[in-house]
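[1] here you go, sequence then predicted model.
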Amino acid sequence: MQIINARLRHSNDLHTLTIKEGKFHSIETQAEALPEQNDQINAHGNLVCAPFVEPHIHLDAALTAGEPEWNQSGTLFEGIERWRQRKPMLNEADIRKRALSTIELLVQNGVQAIRTHADTTDPSLIGIRTLCALRDELKDKIDLQVVAFPQDGMLSYPNGLALMEESLQIGADVVGGIPHFEYTRELGEKSVKTLLELARKYDCLVDVHCDEIDDPNSRFLEFLACEALFHDMGPRVTASHTTAMHSYDNAYCSKLFRLLKNSKINFISCPTESIHLQGRFDTYPKRRGVTRVKELREANINVCLGQDSIFDPWYSLGNGKLLRTLDYAMHICQMMGYQDYARALDMITDNSAKTMCLEGYGIEVGNPANFIILEGFDDYSVLRKQGEVLLSVRKGEIIVERQPAKILSQPWVSNSL
Ligand code: 17E
Ligand code: FE2
């Protein structure tokens, strides 16, 4: 397979990419635009980019909004309550069907790697079992990681710790946590210590729902980062949401950032979810409740974006498009300067791959030939146009193809490449 007239990120040149045996064989700069020959794929100067990565989504809960009741208040806490009503109705077929539909939606929109949470505070562990089985079944098609996530609290839910350990024995890849939802601060801290011990015991990654609340006194992040630093686990540890950081005062944040940098932990923000769930106890002024993405980026701390929900008890919209999530993040976090745009796609590609510790990710000779072609020629134009995914290729095989829109009534401006 050969792709001609490909624009790569951070380069104005056109490139030819040659793929052999499912891997990038060569990447060459072209002196000029080339006419298309047999069997070649013409990128027409569009951006050829590493696949999108969805690092934070709850596939066990996806597509269940309103079952059996809608979340009326729009709070995280009512979402947890509504999900608690839905849990007894779960079975393997139900989870598989919804998870597969959601994965399909993501793949159609250029995603090739997903980290999903699966609730462990359920004595049947049906979410963990079903999603681990699906991960194994789809392993050639998509990189799927399963997080053992104790929605009702690992130490506050009856038998929660044993259920967590059983989930890791079943084969979850990542240990999760929810310290801000444990009954007390002490239990929250203990849960963080314990989940890091479990990660060491089972050789797992860590991804904690950390301080997903507007309470400025919710400071489990410093505890997580410090434990990760002292045990030298930082690059394998992720703090998701950290929305309380929006409400921390600047003096505390200034001190905190030194620890965050030293710890080398990763961050995931879910801006559409947080702008919807947070600030719900405010009148006006109303906090945005999204973590300090801009400041984390500026401090060279790894930060990426996820959708969190698609039509579930917490969030009833969502369409699988990470470019939409990115667009929200740029607005909400006021990352609207030229410098911000120039590397915007990092937050839904490279940074997410780093968070998930993916191997062989990126457009480089020798790596698996996984990539997408996006409408637009650089990060800025793709973001601005909300360009579609025109092609998604996995190990040298086309898995998604889409035609760009054409106006049929009259020739406006034609793309000459
Ligand atoms: N559970 C949770 O604790 N927080 C969320 N944002 C979702 C589920 C979607
Ligand atoms: Fe989440």
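    Looks like it arrived, so ask away. Ligands and ions are numbered 1, 2, ... in the order given.
[2] going forward, measure contacts and count neighbours with C-alpha atoms only.
    Will do.
[3] burial measure for Leu408, as a count.
    For Leu408, the count of nearby residues is 7 (other Cα atoms under 10 Å).
[4] which strand or helix spans the residue lying closest to Tyr380 once chain neighbours are set aside?
    Of all residues not flanking Tyr380 in the chain, Tyr341 sits nearest, at 5.2 Å (Cα to Cα, 6 or more residues apart in numbering). According to DSSP states H and E, Tyr341 maps onto helix 338-342.
[5] and the contacts of that helix?
    Helix 338-342 is contacted from outside by 335, 378-380, 383, using Cα atoms under 8 Å, 6 or more residues apart in numbering.
[6] which element follows it toward the C-terminus?
    Counting by DSSP H and E, what follows helix 338-342 is helix 350-355.
[7] secondary structure element for the residue nearest the centre of the chain, which one?
    Nearest to the mean C-alpha position of the chain, counting by Cα atoms, centre = their mean, stands Pro55 at 2.5 Å. Taking DSSP H and E as the definition, Pro55 sits inside strand 52-57.
[8] which elements pack onto that strand?
    Contact partners of strand 52-57 among helices and strands, from 3 or more Cα pairs under 8 Å, 6 or more residues apart in numbering; DSSP states H and E: strand 111-119, strand 303-305, helix 350-355.
[9] can you do 7 Å?
    Strand 52-57 is packed against strand 111-119, helix 350-355, with contacts defined by 3 or more Cα pairs under 7 Å, 6 or more residues apart in numbering; DSSP states H and E.
[10] leaving out chain neighbours, which residue sits closest to the residue nearest to the centre of the chain?
    Leaving aside its chain neighbours, Pro55 sits nearest to Arg115 (4.6 Å; criterion: Cα to Cα, 6+ apart).
[11] does Met154 touch Gly160 like I think?
    Yes. Counting by Cα atoms under 7 Å, Met154 does reach Gly160; the two are 4.6 Å apart.
[12] more neighbours: which of those two?
    Set Met154 next to Gly160 and count neighbours by other Cα under 10 Å: Met154 wins out with 30 against 20.
[13] ok, that one - contacts?
    160-161, 177, 191 (Cα atoms under 7 Å, 6 or more residues apart in numbering).
[14] and the helix holding Tyr341, average pLDDT?
    Helix 338-342 carries an average pLDDT of 95.
[15] separation between the residue nearest to Pro55 and Cys132?
    11 Å (Cα to Cα, to the nearest Å).
[16] cool, and Ser26?
    Going from Ser26 to Cys132 by Cα to Cα gives 35 Å.
[17] between Met154 and Gly160, which contacts overlap?
    By Cα under 7 Å, 6+ apart, Met154 and Gly160 have no common neighbours.
[18] so which residue of the stretch 51-200 of the chain comes closest to ligand 1?
    Gln151 (5.8 Å; Cα to the nearest ligand atom).
[19] test my guess that that residue contacts Asp119.
    Yes. At 5.7 Å, Gln151 counts as touching Asp119 under the criterion of Cα under 7 Å.
[20] export stretch 339-358 to CSV, keeping only CA atoms.
    Presented in CSV, the C-alpha positions along stretch 339-358 are these (Å, rounded to 0.1, in the frame of the first residue of the first chain):
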residue,chain,number,x,y,z
GLN,A,339,0.5,28.2,20.0
ASP,A,340,-2.4,26.3,21.6
TYR,A,341,-3.8,25.3,18.2
ALA,A,342,-0.5,24.3,16.7
ARG,A,343,-0.2,21.1,18.9
ALA,A,344,-3.9,20.7,19.7
LEU,A,345,-4.2,17.1,18.2
ASP,A,346,-1.6,15.9,20.8
MET,A,347,-4.3,15.8,23.3
ILE,A,348,-6.4,13.2,21.5
THR,A,349,-3.4,11.3,19.9
ASP,A,350,0.2,11.2,21.3
ASN,A,351,-0.6,12.3,24.8
SER,A,352,-3.3,9.7,25.2
ALA,A,353,-1.1,7.0,23.8
LYS,A,354,1.5,7.9,26.4
THR,A,355,-1.1,7.8,29.1
MET,A,356,-2.2,4.3,28.0
CYS,A,357,1.5,3.2,27.7
LEU,A,358,0.7,2.0,24.1
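[21] more crowded one of Ser26 and Cys132?
    More neighbours surround Cys132 than the other of Ser26 and Cys132, with 21 against 14 (other Cα under 10 Å).
[22] got the phi and psi for the more buried one?
    Dihedral pair for Cys132: phi -70, psi -40, per degrees, to the nearest 10.
[23] mind checking pLDDT for the residue lying closest to Pro68 once chain neighbours are set aside?
    Using Cα to Cα, 6+ apart and skipping residues adjacent in sequence, the residue nearest Pro68 is Arg86, 6.5 Å away. pLDDT for Arg86: 98.
[24] how many other residues sit next to the residue nearest to Pro55?
    Neighbours of Arg115 under the rule other Cα under 10 Å: 25.
[25] ditto for Thr194
    Number of residues near Thr194 (other Cα under 10 Å) recorded here: 16.
[26] shaky segments in the stretch 301-417 of the chain?
    Applying pLDDT under 70 to the stretch 301-417 of the chain picks out residues 410-417.
[27] strands of that one, residue ranges please.
    Applying DSSP state E, counting those that start in this stretch to the stretch 301-417 of the chain gives strands spanning 303-305, 371-374, 389-394, 397-401.
[28] pull out the buried positions in the last one.
    Within strand 397-401, the residues that qualify as buried by neighbour count (16 or more other Cα atoms under 10 Å) are Val400.
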